[in-house]
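Visitor: Dropping the sequence and predicted coords here.
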Amino acid sequence: MAYQYDLIVIGSGPAGLNAALEAVKLGKKILVVEEMGFEGGNYLHNGTIPSKTLREAVLKLTGKGSILTSTLSVQEQCAQEPSLDHCQQVSFEDLEREVTSVIRFGLTNITRQLSALGVEVLTGSARFINAHTLEVRGPQQRSAVTGDTILIATGSRPRTPQDIPIDNEVIFESTGLLRAGRIPKTMIVIGGGVIGTEYATIFAALGTKVLLLDRNQRPLQFLDEEIGETLTSIMGENGVGFAHAEQIVSVRRDGDTGIVQTEHQTYQADLVLYALGRVANTESLKLENAGIALNDRGYIPVNDLYQTEVRHIFATGDVIGWPSLASTSALQGQMAVRFAFRTPTTPFPTVFPYGVYTIPEISMVGMTTQECVARGFQYNCGRVRFSDLPRGIISSDIQGMLKILFHQDTGEILGVHVIGTAATEIIHTGYMAILANKKIDHFPAMVFNTPTFSEAYRIAAIDGCAKR
Ligand SMILES: Cc1cc2nc3c(=O)[nH]c(=O)nc-3n(C[C@H](O)[C@H](O)[C@H](O)COP(=O)(O)OP(=O)(O)OC[C@H]3O[C@@H](n4cnc5c(N)ncnc54)[C@H](O)[C@@H]3O)c2cc1C
Ligand SMILES: NC(=O)c1ccc[n+]([C@@H]2O[C@H](COP(=O)([O-])OP(=O)(O)OC[C@H]3O[C@@H](n4cnc5c(N)ncnc54)[C@H](O)[C@@H]3O)[C@@H](O)[C@H]2O)c1
């Protein structure tokens, strides 16, 4: 049977767009269906890009990118010297303006690229009629489209349980927070995952007194313990309190105040952010009409080729669950198309970096100390503090740190962990070293530009080699 399109992609986030662009290279006829009315997905409009722009705008407008040399906390500095740049009031409108302009720029790029490459885009919500046919319900019309291959890349949205009265006025989820319209004086963030911790540090940099709640003993439990503890300590200095909460008993609004009840305490704040995970966007798809069932966590199950149980229907990105990152979603989309059209490709990497855009930023690749211990590895560690780097001092980052975990016997690099300026950039040197099976003694024999943060690899490795 002849279908209208070689490939229909549902969703235009990183997973969908990268799939479409890859299919163009393979000479396929493609349709992208997007319900938002503009392309870019939650990545561009509600998640990665707005949150990172907000962070950058906060650092720029408050001047807080360069306060780390001070031995005083931000509050103490501003109490002593209110005229300092980073003590000036920044308005929500200032921040919103920056975010809007970056989104607009990103959207223009995407639409220009799609149209230059001849990718058709249909606005509307797609649902399966059968395994090759989708009904697209647009603002004005409904149409049916058929595809030889279909890729589901419908992403995710914040988890909003019914007993949490999210109104995006006092009690917010992460998408609503971007349109909060105000900088609260006090804030409770429920959930010390990536979303909660990033926003906690961003609002604290604006002067908001933040309390972060998590069921674990510290936020970002997956981090290397030393890095996680360093972050918690810097967050404390910067106005983010942390409380361990086994259980969130209730969340409610009383007038303009949000009230959070845990098993031991009642907390109040001007704004509450509820950030306990995300759920896959699958309900509107009518997957049962295509013969696809969800797994018990609500995600679409796929094999290593991103193929669902129906051979010509693929799924990538947040809709398939972990790791649910823009970075991994983009690669998955590209790989799924190559698999679908039988083009040679390599498997998804078993190791990849994580970037956490807290203030200060963090990045990691490979194993943590806890994992090395759990696996019984004979490991050792080389580390350097940014206060021992010329670049760290020049850039006023004396709290940062890079550590390299390596196998004591073989010198094999097991993991790299960075906290501080440029962490999410310089991690890629460590990533390449792991992929290339380089040993710890590789770095001391390399020339690094100086002064740079990348030099941390050389100095940390010298420290590590001395311990062998
Ligand atoms: C606050 C926040 C910060 C983040 N920061 C980072 C970060 O710094 N780095 C990182 O790597 N990741 C980050 N992420 C995660 C990242 O945004 C996601 O992993 C990524 O967006 C997933 O891409 P995707 O293509 O799967 O889906 P999405 O970006 O969610 O896009 C899915 C698209 O599908 C559309 N759609 C859904 N259903 C239908 C339908 N039935 N018909 C038509 N269209 C449909 C939606 O409208 C949407 O446009 C962040 C997420 C959040 C929430
Ligand atoms: N920089 C980045 O890469 C980035 C940034 C933001 C979001 N994301 C992605 O977005 C997704 C969602 O992030 P998230 O932070 O909402 O969810 P999450 O699942 O990562 O974190 C939720 C946190 O809430 C805690 N928690 C869960 N139930 C609890 C309870 N009942 N009481 C107290 N604490 C509880 C967990 O311990 C965890 O720390 C993740 O997949 C993440 O990868 C990535």
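Guide: The structure has been received and is ready for your questions. What you are looking at is a predicted structure, and each value in this text was computed from that prediction instead of being measured. Numbering: from 1, shown residues only. Ligands and ions are numbered 1, 2, ... in the order given.
Visitor: low pLDDT regions in this structure?
Guide: 65-78, 84-88 (pLDDT under 70).
Visitor: Can you show me the helices along it?
Guide: Using DSSP state H, the helices of the chain run over 14-25, 41-45, 48-62, 74-80, 92-116, 174-177, 194-205, 225-237, 326-340, 369-374, 390-394, 423-435, 456-466.
Visitor: Need these in CSV (columns: distance to L402 and mean neighbour count).
Guide: All C-beta spots, glycine's among them, are computed from the backbone N, C-alpha and C. Output for these, formatted as CSV (distance: least, Cβ to Cβ, whole Å; neighbours: other Cβ atoms under 10 Å):
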stretch, distance to L402, mean neighbour count
helix 14-25, 28, 26
helix 41-45, 28, 25
helix 48-62, 20, 20
helix 74-80, 24, 14
helix 92-116, 29, 15
helix 174-177, 29, 20
helix 194-205, 20, 25
helix 225-237, 10, 18
helix 326-340, 20, 23
helix 369-374, 14, 16
helix 390-394, 10, 16
helix 423-435, 7, 19
helix 456-466, 4, 22
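Visitor: mind giving me a markdown table with the ones you listed and columns for distance to ligand 2?
Guide: Converted to a markdown table, the helices of the chain look like this (distance: least, Cβ to the nearest ligand atom, whole Å):
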| stretch | distance to ligand 2 |
| --- | --- |
| helix 14-25 | 12 |
| helix 41-45 | 10 |
| helix 48-62 | 7 |
| helix 74-80 | 23 |
| helix 92-116 | 15 |
| helix 174-177 | 7 |
| helix 194-205 | 3 |
| helix 225-237 | 11 |
| helix 326-340 | 7 |
| helix 369-374 | 15 |
| helix 390-394 | 23 |
| helix 423-435 | 8 |
| helix 456-466 | 21 |
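Visitor: Rebuild those helices as TSV, extending it with distance to F448.
Guide: Shown next, in TSV, are those (distance: least, Cβ to Cβ, whole Å):
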stretch	distance to F448
helix 14-25	31
helix 41-45	33
helix 48-62	25
helix 74-80	32
helix 92-116	31
helix 174-177	37
helix 194-205	29
helix 225-237	22
helix 326-340	25
helix 369-374	25
helix 390-394	10
helix 423-435	9
helix 456-466	5
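Visitor: Can you tell me the closest non-neighbouring residue to the residue in the stretch 301-450 of the chain positioned nearest to ligand 2?
Guide: Ligand 2 sits closest to S324 of the stretch 301-450 of the chain, with a gap of 3.5 Å, by Cβ to the nearest ligand atom. Spatial nearest neighbour of S324, chain neighbours left out: D318 (4.7 Å); criterion: Cβ to Cβ, 6 or more residues apart in numbering.
Visitor: And for N42?
Guide: Once flanking residues are discounted, N42 sits nearest to G155: 5.2 Å by Cβ to Cβ, 6+ apart.
Visitor: Domain parsing of the protein, as residue ranges.
Guide: 5-158+280-341, 171-276, 360-466 (the TED database).
Visitor: looking at those, which is closest to I164?
Guide: Of all those, it is domain 171-276 that lies closest to I164, at 5.1 Å by Cβ to Cβ.
Visitor: So what would you say the end-to-end distance of that closest one is?
Guide: End-to-end distance of domain 171-276: 13 Å, with Cα to Cα, to the nearest Å as the criterion.
Visitor: likewise stretch 393-404?
Guide: Start-to-end span of stretch 393-404 (Cα to Cα) is 21 Å.
Visitor: who's in contact with that stretch?
Guide: The contact list for stretch 393-404, computed with Cβ atoms under 8 Å, 6 or more residues apart in numbering, reads 66-69, 224, 226-227, 230, 234, 360, 381-387, 392, 413, 415-421, 423, 426, 430, 440, 443, 451, 453, 456-457, 460-461, 464.
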